[in-house]
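Student: Here is the input, now give the coordinates:
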Amino acid sequence: MLTDYHNHLERGTLTLDYLKKFTDEAKRKNIEHFGISEHAYHFYQTADILSNPWVDERRFYDMNDYTSLFQEAEKAGIDVKMSIEMDYTPGKHEEMERFIRQYDFDYVIGSIHWVDDFGIDLKEFIHEWDKRDVYDTYRKYFDQVVTLAESNLFDIIGHLDLVKIFNYVPEKEEFLLEQYDRAAAALSKSKTCVEISTAGLRKPTGKLYPDERLLKMCYEKGVPIVLSSDAHQPEDVGANYDQALALAKETGYETIVTFSKGERTVVPIG
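Tutor: Okay, here's the model as predicted:
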């Protein structure tokens, strides 16, 4: 059994024809559980959750059009899960919960892309890494991982250690392992699964998310997993899944989680 729950249509259109390019690729790669999780900041309905100049320029979707696409897909016999990838935003728990509850999502992904006003994974902000203290940025990032887990709003946390994307990593392993441990501990007390994401292999880090040491801590604390590619174009659906599966099995995982209308099922890993 394989999942690919983290995928985006933003480079194309919210149309059945474009969606079908993704679902066809998933079928070709024997991915039985496939979902689209568009970035929540693209939607007008999330303006009260996350707003900054970078985000506001990219708010161009309406949730009515998004939900209609999945209704069309269902009528056409296309098996695709409806999700959203929401930027976890400290201080906005009520607004995030209100938004999530308005829609019939199969699952919801929570991700951290912002540390204060710093877009940690954006090329437009890469110069900021040299201006900031890497230890402070990592500590603040993992502070958010902890509070994201504690919120219990999300079914999956996206690319758990995205903060390593541009290869700015603290030199002190003890510090890094401390961040990993508190993240895994918080996730173990929540409903939130961790995705093994192949997206990092297509980024400057050149590595899977999460780090194998972090994933091992998650396994030891009983945190379940899903598999994701974070595809932004059809051909990346299920990309490099051989590496994701190898990491999962080397870590000790024998099962993954599937979702439907918020309900989860534990199944043997593919």
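
Student: going forward, measure contacts and count neighbours with C-alpha atoms only.
Tutor: Noted.

Student: Can you give me the end-to-end span of stretch 192-210?
Tutor: In stretch 192-210, first residue to last residue: 15 Å (C-alpha to C-alpha, to the nearest Å).

Student: got the phi/psi numbers for residue 253?
Tutor: Geometry field for residue 253 lists phi and psi as phi -70, psi 130, criterion degrees, to the nearest 10.

Student: So it sits against residue 218, correct?
Tutor: No. Taking contact to mean C-alpha atoms under 8 Å, the distance of 10.1 Å between residue 253 and residue 218 leaves them out of contact.

Student: element containing residue 207?
Tutor: In the assignment (DSSP states H and E), residue 207 maps to no helix and no strand.

Student: Please enumerate the strands of the protein.
Tutor: Secondary structure of the chain (DSSP state E): strands at 3-4, 33-39, 81-87, 109-111, 114-115, 118-119, 156-157, 193-197, 225-228, 255-260, 263-268.

Student: Mind checking the pLDDT average for the first one?
Tutor: When you say that, I think you mean strand 3-4. Summarised as a single mean, pLDDT over strand 3-4 is 97.

Student: Then the fourth one?
Tutor: Averaging pLDDT along strand 109-111 yields 98.

Student: Mind listing what's buried along stretch 242-250?
Tutor: Neighbour-count burial for stretch 242-250, counted by 16 or more other C-alpha atoms under 10 Å, picks out 243-245, 247-248.

Student: What of stretch 196-205?
Tutor: Along stretch 196-205, the positions that meet the burial threshold by neighbour count (16+ other C-alpha under 10 Å) are 196-201, 205.

Student: Name the pair among the residues you listed with the greatest separation in space.
Tutor: Between all members of these, the longest pairwise span (C-alpha to C-alpha) is found for 196 and 205 and amounts to 14.8 Å.

Student: Mutual contacts of residue 253 and residue 218, please.
Tutor: Jointly contacting residue 253 and residue 218 under the rule C-alpha atoms under 8 Å, 6 or more residues apart in numbering is no residue at all.

Student: Closest one of the buried residues of stretch 196-205 to residue 35?
Tutor: Distances from residue 35 to those, taken by C-alpha to C-alpha, are shortest for residue 197, at 14.0 Å.

Student: quick one, what contacts the closest one?
Tutor: Neighbour list for residue 197: 158-159, 208-210, 227-230, 244 [criterion: C-alpha under 8 Å, 6+ apart].

Student: now residue 184
Tutor: Residues counted as contacts of residue 184 (C-alpha under 8 Å, 6+ apart) are 214, 217-218, 221, 223.

Student: Let's see if you can find the most crowded of those.
Tutor: Highest neighbour count within the contacts of residue 184: residue 218, with 25 neighbours (other C-alpha atoms under 10 Å).

Student: Show me just the buried residues among the contacts of residue 197.
Tutor: 158-159, 208-210, 227-230, 244.

Student: low pLDDT regions in the stretch 151-270 of the chain?
Tutor: For the stretch 151-270 of the chain, not a single residue meets the criterion pLDDT under 70.
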